[in-house]
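J.: quick one: sequence and predicted model below, then my questions.
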Amino acid sequence: ASEWSTSDRRAFDTSVSTRAEPEGLYRACCAFVKHATHKTVYIASDSSAAVGAVNKGHSKSYWMDKVCAKLRASFPDVAFHVVHTPGETNPADGISRGEPEPSGEDWDR
């Protein structure tokens, strides 16, 4: 694995969730949306800030606004719609708590 650049480490500083969550959202989109054939991409997040900012397309938060701008620039033909999913019911959230990776049935909830 290659070393992260200083700017990547700053942007993805997991000790500061206001930076880590927006950057994680952007990186996930970069990894998965390039394969999307739909014009609208739905994202489930337990971050109320992400829900509001991405759905509006901007934020007063510097880091979230930066992610909104990066999403628009990277995916000009894609509309992102973020839906709030509480952490307790979000199958992906368990991974961060050391729970097993979710099965297909977990995603059908």
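T.: Happy to help now that I have it. What you see is a predicted model; the values in this text were computed from it and never measured.
J.: tell me where the protein has strands.
T.: Taking DSSP state E to define them, one finds strands in the chain at 40-45, 79-84.
J.: what helices or strands is the helix ranked longest in the chain leaning on?
T.: In the chain, assigned by DSSP state H, the helix with the most residues is helix 17-32. Counting contacts by 3 or more C-beta pairs under 8 Å, 6 or more residues apart in numbering; DSSP states H and E, helix 17-32 is packed against helix 6-11, strand 40-45, helix 48-56, helix 62-74. C-beta here means a position set from N, CA and C on the backbone, and glycine is covered the same way.
J.: now for the third one, which elements pack on it?
T.: Spelled out, it's helix 48-56. Judged by 3+ C-beta pairs under 8 Å, 6+ apart, the packing partners of helix 48-56 are helix 17-32, strand 40-45, helix 62-74, strand 79-84.
J.: residue 90 is nearest to which of the ones you listed?
T.: Residue 90 lies closest, by C-beta to C-beta, to one member of the helices and strands packed on helix 48-56: strand 40-45, at 6.2 Å.
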